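Engineer: When you get a sec, could you give me coordinates for this:
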Amino acid sequence: MVGKASSELNRSRERSVSERALRGAKKRIRFCRIEDVLAAEELLADLLVVQ
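Structural biologist: So this is what the prediction gives:
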């Protein structure tokens, strides 16, 4: 039971880290051209699927 709880905690921690990274990336993306934004969103989506 303890192992399950710690794996849940790790999973939620990983999720929050990737969400923070995504928010930071979106702030930086705001100053780019729309083509760059679309390419970056595709790349981020691919990275999230790989995880």
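Engineer: Okay, now the unreliable bits of the chain?
Structural biologist: By pLDDT under 70, the low-scoring segments of the chain are 1-6, 9-11, 13-14, 29-32, 51.
Engineer: so where do the helices sit in it?
Structural biologist: 2-29, 34-50 (DSSP state H).
Engineer: can you put these in TSV and add mean neighbour count?
Structural biologist: For glycine as for every other residue, the C-beta is placed from the backbone atoms N, C-alpha and C. Shown next, in TSV, are those (neighbours: other Cβ atoms under 10 Å):
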stretch	mean neighbour count
helix 2-29	11
helix 34-50	11
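Engineer: How much space separates V50 from L44?
Structural biologist: 11 Å (Cβ to Cβ, to the nearest Å).
Engineer: Same check on V37?
Structural biologist: Relative to L44, and taking Cβ to Cβ, V37 is found at 10 Å.
Engineer: What of A21?
Structural biologist: On the measure of Cβ to Cβ, A21 and L44 end up 9 Å apart.
Engineer: Give me the common contacts of the two.
Structural biologist: Residues touching both A21 and L44 (Cβ atoms under 8 Å, 6 or more residues apart in numbering): none.
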